[in-house]
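>>> Below are the sequence and a predicted model for it; my questions follow.
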Amino acid sequence: MLSNKIVVLGVTGSIAAYKAAELASQLTQRDAKVNVIMTKEAIQFVSPITFRAITGRPVVTEMFELASEFSIEHVSLAEAAGIVVIAPATANIIAKLAAGIADDMLCCTVLATKAPVVLAPAMDVNMYENVITQDNLSKLKDRGFVVVGPVSGRLASGKKGLGRFADVSDIIGTICQVLGRSGDLAQRRIVVTAGGTQEPIDPVRYISNRSSGKMGYALAEAARDRGAKVTLITAPTLLSHPVGVEVIHVGTAQEMYQAVKGNISQIDALIMAAAVADYRPAKAVGEKIKKREAGLTLELELTEDILGSVKGDFVKVGFAAESSNLEENARQKLREKKLDLIVANDITVTGSGFGADSNQVTIIDREGRIDSLPLLPKQEVADKVLDKVAKLLSKS
């Protein structure tokens with residue numbers, strides 16, 4: 001999503017300016033071309049040399065400098081930008097943009113660009129909550145500016161409240177979402193499931209599996225980055241919510257079944273990446289079972305067959321984690337569940353499957369075509385799966 005995209009990063013005079021260096025670093029690591037504009041106030045907090053070292057590109061600090069690099073800087077930067085991100089955005093810069101004042105390089109660039117603009121406010125809580133700041137932000141939102149954060153926390157003043165710079169991961173997620181608005185899944189509605197369900201034995205114990213939820217979350221983010229409206233139905237995980245995605249939390253297979261049933265009206269695709277428990281205790285005990293010398297026998301019953309039971313005019317994708325007979329078992333599930341695609345991964349492959357950051361998968365479609373992929377990061381696997389979903393949707 002960010003590879004070769006030109007990001008104009010505006011850095012303003014907030015104590016949070018040092019966090020913009022981490023943002024610039026992560027954008028650069030994702031192969032974005034980051035052009036930094038610093039206000040004169042920002043230079044009091046962070047040196048331009050820092051950003052030049054991180055991005056490997058010139059840093060603009062004054063009007064009409066670097067003539068050999070840019071023709072008229074604010075125009076050339078504005079025209080080249082794929083997106084403009086102001087992070088941190090102070091109350092002062094927000095006020096100037098709302099009023100259309102162009103007395104510095106950053107404001108001139110914003111006024112001259114047709115690229116989307118993302119603001120990440122950071123300031124004292126009283127400044128942020130002031131009616132003037134809120135009115136200015138409302139004006140900018142009405143004009144199409146996208147605002148991410150701030151969040152609550154300890155501020156430079158020592159106070160606690162709303163005004164803290166948003167997490168860098170959330171800002172990058174917002175950038176990807178904005179850049180993907182016109183992607184090949186634009187306006188498509190997609191439901192993704194993730195994580196391993198937990199089936200209670202008693203109030204403190206449950207039956208589950210080793211699913212981390214990483215594959216499902218990667219699919220949700222990748223679909224968002226291609227313009228889709230995504231609902232993520234997730235069993236418990238340790239992962240952060242993807243920005244710009246509706247998240248529904250469930251615990252058991254029954255809860256996931258109800259959540260899926262309640263959210264498939266008028267969707268374009270259902271991608272069941274969750275590891276739903278096949279069995280649950282026939283009867284959960286209301287009090288904690290005490291340890292005894294004798295063993296414990298549990299009677300198990302089948303859980304709901306979500307993939308096999310939900311029906312509708314949408315692309316249906318299933319996942320199969322297998323330890324043997326990968327292709328044979330995957331084809332059987334594809335037929336039995338009436339799927340359009342099945343993504344099967346061999347959990348015996350080192351570095352693939354539950355808990356790992358990568359997967360080695362085989363994708364089989366309803367015509368029997370097979371695409372065997374090498375070991376890839378789960379984000380890349382997600383895009384490979386969505387390539388096929390987008391192709392199926394383009395035919396509908």
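Structure's in. What do you need?
>>> Residue 338 should be in a strand, yeah?
No. According to DSSP: H, G, I helix; E, B strand; the rest coil, residue 338 belongs to no strand; its state is coil.
>>> how many other residues sit next to it?
Residue 338 is surrounded by 12 other residues when neighbours are defined as other CB atoms under 10 Å. From N, CA and C alone the C-beta is placed, and that goes for glycine too.
>>> Excluding sequence neighbours, find me the nearest residue to it.
With sequence-adjacent residues excluded and distances taken as CB to CB, 6 or more residues apart in numbering, residue 338 is closest to residue 316, at 7.2 Å.
>>> Give the helix, strand or coil label for that neighbour.
Here residue 316 is strand, with the state taken from three-state DSSP.
>>> Return the set of buried residues in the host helix or strand of residue 108.
When elements are assigned from DSSP states H and E, residue 108 belongs to helix 105-112. For helix 105-112, the buried set under the neighbour-count rule, 16 or more other CB atoms under 10 Å, comprises 105, 106, 107, 108, 109, 110, 112.
>>> same question, stretch 324-342
The neighbour-count criterion (16+ other CB under 10 Å) identifies 326, 329, 330, 331, 333, 334, 337, 339, 340, 341, 342 as the buried residues of stretch 324-342.
>>> I figured the last one hits residue 322, correct?
No. Residue 342 is not in contact with residue 322 according to CB atoms under 8 Å; the separation is 10.6 Å.
>>> How about the contacts made by the nearest residue in space to residue 48 that is not next to it in sequence?
Here the nearest residue to residue 48 in space, its sequence neighbours aside, is residue 59; by CB to CB, 6+ apart that works out to 4.2 Å. The neighbours of residue 59, taking CB atoms under 8 Å, 6 or more residues apart in numbering as the test, are 36, 37, 38, 48, 49, 51, 52.
>>> rerun at 7 Å
Contact analysis of residue 59 by CB atoms under 7 Å, 6 or more residues apart in numbering lists 36, 38, 48, 51, 52.
>>> partners of the strand or helix carrying the first one, with directions?
Right, residue 36. Element membership of residue 36 [criterion: DSSP H and E] is strand 33-38. Sheet pairing of strand 33-38 (DSSP bridges) gives strand 6-11 (parallel), strand 59-60 (parallel).
>>> Touching the first one from outside, list them.
Applying CB under 7 Å, 6+ apart, the external contacts of strand 6-11 come out as 17, 20, 23-24, 27, 32-38, 42, 46, 77, 80-87, 106, 109.
>>> And the residues you listed, which of them are buried?
The neighbour count (16+ other CB under 10 Å) marks 17, 20, 23-24, 27, 32-38, 42, 46, 77, 81-87, 106, 109 as buried among those.
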